[in-house]
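Colleague: mind looking at a prediction? Sequence and model below.
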Amino acid sequence: MELAMNRAIAFLARHGISVWGSRVLYVRGRKSGELRSTPVNPLPLNGERFLVAPRGTTQWVRNMRAAGGGELRIGRRRETFTAAEVPDEARPEILRAYLAKWKFEVGMFFEGVDHKASDAELARIAPGYPVFRVIPTTV
C-alpha cells in the first residue's frame, strides 16, 4: 500500500500535480553517479524549506550527504539546490512542524511520537531522522 502511494504521488508530481506540496527529489547516486528519484514533502518553516527523512537514513539520505544537493521537480519545473544537514539539536522544532503537517502520511515511522510530544521526546528521536535545509542555487 505504501509503495503504491509513493508511486502515485511521484507520478502526479512528475506530471505537474502536487499532492499537499509534494515534489520529486532527484539526487546523484553516490556509487552509480546516476540520478535517483523519490517523492518528498518539503517543509516550509520560518522562511526556509527543509527535507525530512521520515524513514531514517535511507538511500536518498546517503546520496544527499555525498552529493551535497539535488533537484526538486514538479512537472517541468525544476529547482536546483544545495543541502545543509541540520544538526540533531536543531531538529526538534522542524520535526514538530513536519509531524503537525504530515503525520497522516508518515506518523507510523516516528516511534509513536507526534507533534504534541515534549521537546525532550523530540530531541530523543532526532538523531534517527535526518533533516536537510534546502538552499536554492541561482542559475
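Modeller: Structure received. Numbering: from 1, shown residues only.
Colleague: now do the strands in this structure.
Modeller: 23-28, 35-40, 43-45, 48-52, 69-74, 77-85, 131-136 (DSSP state E).
Colleague: all helices of the protein, in order?
Modeller: For the chain, the helices defined by DSSP state H occupy 2-14, 59-67, 91-106, 119-125.
Colleague: pLDDT wise, what is Val113 at?
Modeller: On the pLDDT scale, Val113 is placed at 79.
Colleague: and the gap between it and Val61?
Modeller: Between Val113 and Val61 the computed distance is 19 Å (CB to CB, to the nearest Å). Using the backbone N, CA and C atoms, a C-beta is placed for each residue, glycine as well.
Colleague: again, but for Gly69
Modeller: Relative to Val61, Gly69 is positioned 13 Å away (CB to CB).
Colleague: then Val134?
Modeller: From Val134 over to Val61 the distance is 14 Å, taken as CB to CB.
Colleague: of the two, which one has the most company?
Modeller: Remark: of Val134 and Val61, Val134 carries more neighbours, 22 against 19, as counted by other CB atoms under 10 Å.
Colleague: hey, what's that one bridged with?
Modeller: Counting by DSSP bridges, Val134 is bridged to Arg49, Ala83.
Colleague: show me what contacts the closest residue to Leu35 other than its chain neighbours?
Modeller: Closest residue in space to Leu35, ignoring its immediate chain neighbours: Tyr26 at 5.0 Å, by CB to CB, 6 or more residues apart in numbering. Shown in contact with Tyr26 (CB atoms under 8 Å, 6 or more residues apart in numbering): 35-37, 70-73.
Colleague: so Tyr26 bridges to which residues?
Modeller: Beta-bridge partners, per DSSP bridges, of Tyr26: Ser37, Glu71.
Colleague: confidence score at it?
Modeller: Note on Tyr26: pLDDT of 96.
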